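Asker: pasting the sequence and the predicted coordinates here, then a few questions.
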Amino acid sequence: MIELIKTFLFVFALVDPIGTVPVYLEATKHFDPAARKRIAIKAPSIALGILLFFILAGQVIMESMSITLDAFQVSGGVILFLFALTMVFGASKPDEEKRMITDYDHVTVFPIALPSIASPGAIMGVVMLTDNHIYTLPQQLTTAAITVLVLVTTCIVLLSAQLVQRRIGNTGIIVISKVMGLILAAFAVQSILSGIKGYFGL
């Protein structure tokens, strides 16, 4: 049960639904309530499809390139760590992604679904959580199910975006995003250390 909670919290940190709220509100400010509702449902669905694709095909892609487990752990950890650093020290996720909005006609895909929900860090994270060399098939299926649960939670959060914004405020959302970044940084360092340990046989 503890492992399930840890995995859920990690995937939740990867996706960061709370940090997506200001991006969603900015991207949909010109839409009527019905259109905003459709976007709140469609964007997480698109992001879920992207993440599930990488859960299924990510390992195959890595192995076709003859990437060893240790190399993947180190490289994936470095990428995830750099992503986490941008969350902690860089411009806040909401501010950075709101600046990406230039075409309000296609905001469902960009920037809400990608990269706000299915970010590069989220893609790398779910691939690492379903590595065939580390996790059994039941564990991978559990991670996939948890990913679905997190994206359903994201959909609910976006449907309640205005309420979340009023209750937490921009400052609260930024703080939560930075805490998510700290969690990701810790996981990334652990992955790097595991890769180095495996490579040198320590």
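Answerer: Sure thing, it's come through. Numbers count the residues shown, from 1 in each chain.
Asker: C-alpha from now on. contacts and neighbour counts both.
Answerer: Fine.
Asker: how about the longest helix along the chain, which residues are buried there?
Answerer: In terms of residue count, the longest helix belonging to the chain (DSSP state H) is helix 161-200. Of all the residues in helix 161-200, those buried under the rule 16 or more other CA atoms under 10 Å are 161, 164-165, 170, 173-185, 187-189, 191-192, 194-195.
Asker: repeat that for stretch 28-45.
Answerer: For stretch 28-45, a neighbour-count test (16+ other CA under 10 Å) marks 28, 36, 37, 39, 40, 41, 42, 43, 44, 45 as buried.
Asker: what's the separation between residue 54 and residue 99?
Answerer: 27 Å (CA to CA, to the nearest Å).
Asker: looking only at neighbour counts, state which of the two leads.
Answerer: Between residue 54 and residue 99, counting by other CA atoms under 10 Å, residue 54 is the more crowded of the two (19 against 11).
Asker: in what helix or strand does the residue lying closest to the more buried one once chain neighbours are set aside lie?
Answerer: The shortest distance from residue 54 to any non-neighbouring residue, by CA to CA, 6 or more residues apart in numbering, is to residue 127 (6.2 Å). For residue 127, the host element (DSSP states H and E) is helix 120-129.
Asker: just checking, what packs against that helix?
Answerer: Helix 120-129 sits against helix 2-15, helix 33-64, helix 69-89, helix 137-159, with contacts defined as 3 or more CA pairs under 8 Å, 6 or more residues apart in numbering; DSSP states H and E.
Asker: who's in contact with it?
Answerer: Helix 120-129 is contacted from outside by 11, 14-15, 51, 54-55, 58-59, 73, 76, 79-80, 83-84, 135, 140, 143, using CA atoms under 8 Å, 6 or more residues apart in numbering.
Asker: from the residues you listed, which would you call buried?
Answerer: 11, 14-15, 51, 54-55, 58-59, 73, 76, 79-80, 83-84, 140, 143.
Asker: least confident pick among those residues?
Answerer: Least confident entry in the buried ones among the contacts of helix 120-129, by pLDDT: residue 59, with 77.
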